[in-house]
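Participant: coords please:
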Amino acid sequence: MNLFEINTKTCIQDGICAAVCPAGLIDFQKESYPKASPEAEEICIRCGHCVTACPTGSFSHIDIPVNQCPPIQKALNLSSEQCEHFLRSRRSIRVFKKNSVSKDTLSKLIEVSRYAPSGHNSQCVEWLVLTNKDELNNFSVILAEWMHWIIDNMTEFAKSMHMDRTLTRWENGKDVFLRGAPVLIVTHAQKNNPFAQAACTIALTYLELSAMSMGLGCCWAGYFNAAANTFPKMMEALSLPLEHQCFGAMMLGYPKFTYHRLPLRKTPNIIWR
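Facilitator: As a prediction, the model looks like this:
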């Protein structure tokens, strides 16, 4: 099979597939059918724009068959008011119920999150899902050791982050590091991949927002992410694949409390040109 095939019985020769191709790899002339440029096989990033933009479903890519791409259901699209309300009602959850989260639910979350954009459509994000309570507790213990090191060696930074107070709360029995979350999701990728940081961040953002629709809540695990990339004991305990790096982590579980208002935020500082 060629890189793509055109159903000439249904193609209306509108050239949309060529217009939306990010790399300009589809040759199109008026009143003709689209053709792949000579370098298309090598350069194509498999983004699927060509398949999904065709209004008649006449374009099929070798790696993205049109019959495996469901049509968009316009009835499910959010209105601008619904979208604004959804995004403004998002909260960082730091108090969780003790309920576990099923593997099926976590798999569905990651399935949705893999559709997040990534540079050059690299789709480089890999996932580590941690649910073992003993392992999570051990991570919290290591985080306390890491924070002690920060206080001793980066005093001014530690003061600015009130880490002494955080450690006092920890010593008084409060899980201030992973908040008692039943799940910790880690995104990782090859450390030398220039697209990895942005791709992992966006994928976790997709996951956080998708979790709301399932009655779940999330919070970015900032302390964990910092220690996972700088503290040898944490790096050893995390045990990611060779040459991989943690590019983000998310605490996840069922929220213990419900929020009833949309809070205020700073007025945006905008420069118009």
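
Participant: Quick check: residue 185 is in a helix.
Facilitator: No: the assignment for residue 185 (DSSP: H, G, I helix; E, B strand; the rest coil) gives strand, which keeps it out of a helix.

Participant: which one is it nearest to, not counting chain neighbours?
Facilitator: Using C-beta to C-beta, 6 or more residues apart in numbering and skipping the chain neighbours, the partner closest in space to residue 185 is residue 250 (4.8 Å). Quick note: C-beta positions are derived from backbone N, CA and C, even for glycine.

Participant: swap in residue 26?
Facilitator: residue 18 (4.0 Å).

Participant: repeat for residue 13
Facilitator: residue 31 (6.0 Å).

Participant: That neighbour: what secondary structure?
Facilitator: coil.

Participant: Quick one, grab the pLDDT at it.
Facilitator: Here, the pLDDT recorded for residue 31 equals 88.

Participant: got it, and residue 2?
Facilitator: Residue 2 carries a pLDDT value of 89.

Participant: In contact with the spatially closest residue to it that is not a sequence neighbour, which residues?
Facilitator: Among residues not flanking residue 2 along the chain, residue 36 sits closest, at 6.6 Å (C-beta to C-beta, 6+ apart). Taking C-beta atoms under 8 Å, 6 or more residues apart in numbering as the criterion, residue 36 is in contact with 2-4, 25-27.

Participant: Pull the contacting residues for the closest residue to residue 233 other than its chain neighbours.
Facilitator: Distance criterion C-beta to C-beta, 6+ apart; nearest residue to residue 233, sequence neighbours excluded, is residue 142 at 5.4 Å. Contacts for residue 142 (C-beta under 8 Å, 6+ apart) come out as 227, 231, 233-234, 237.

Participant: partners of the residue nearest to residue 2 in the sheet?
Facilitator: Assessed by DSSP bridges, residue 36 has beta-bridge partners residue 26.

Participant: end to end, how far does stretch 78-97 reach?
Facilitator: Using C-alpha to C-alpha, to the nearest Å, one end of stretch 78-97 lies 30 Å from the other.

Participant: Could you identify the helix or strand that succeeds the top helix by length along the chain?
Facilitator: The single longest helix within the chain, with elements called by DSSP state H, is helix 133-153. Heading C-terminal from helix 133-153, the first helix or strand you meet, by DSSP states H and E, is helix 155-160.

Participant: helices and strands around that following helix, which ones?
Facilitator: If contacts are counted by 3 or more C-beta pairs under 8 Å, 6 or more residues apart in numbering; DSSP states H and E, helix 155-160 sits against helix 133-153.
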